[in-house]
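*Asks:* Sharing a model that was predicted from the sequence below.
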Amino acid sequence: MDQQRRILLKSTLAASATGMAISAGLLTPKAVLAAWNTSAFTAKNVNDALTGAYGSTDIPESDKIKLKAPELAQSGSKVTLSVTSNLDKTESISFLVKENIQPLCATFNLGSRTEGYISTNVKIGKSSDVIAIVKADGKLYSIKQYVKVAIGGCGG
């Protein structure tokens, strides 16, 4: 019982301290949350998203990256994608869906001791190339796969 009380007390104090810091202007949502790359995530095409995120659209394909995506997604509202990077010093993994209104779906920054693997769910509005971008040791690499969508993820 004492252990539960301590956990509750610590959680309450931590939440209170964070709330007071935000109220006092010491912490802003931008400082609390991960940095948001507006130009990359609001881009309307793949090239603009890549330029916003990485400053380049010239990203070679690599056979050291494995993208797992369904060939046919029954519904585009929830499509599971996973990437395994066998590149040394993988720094980040991004997912783009070429035909989505905003192609950049997600970017994951990895720690130096993190395995080069990410699995996530994305929406795919209509059949499209799915592109994974891996940044490893300061260089960019890509892989893509076409996913056919039976029922779109954006309303039909």
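*Replies:* Looks like it arrived, so ask away. Numbering: from 1, shown residues only.

*Asks:* Can you spell out which residues form a bridge with the residue positioned nearest the centre of the chain?
*Replies:* Central residue check for the chain by CA atoms, centre = their mean: the C-alpha nearest the mean position is that of A106, 2.3 Å away. Listed beta-bridge partners, A106: F95 (assigned using DSSP bridges).

*Asks:* Show me the helices in this structure, by range?
*Replies:* Here the chain has its helices, by DSSP state H, at 2-23, 29-32, 38-41, 46-54.

*Asks:* Now the third one: average pLDDT?
*Replies:* It refers to helix 38-41. Rounded to a whole number, the mean pLDDT of helix 38-41 is 82.

*Asks:* about what we covered before: comparing the helices of the chain, which yields the minimum mean pLDDT?
*Replies:* Per-stretch averages of pLDDT across the helices of the chain put helix 29-32 at the bottom, with a mean of 48.

*Asks:* for the residue nearest to the centre of the chain, what are its contacts?
*Replies:* If you count contacts by CB atoms under 8 Å, 6 or more residues apart in numbering, A106 has them with 94-95, 120, 122. Quick note: C-beta positions are derived from backbone N, CA and C, even for glycine.
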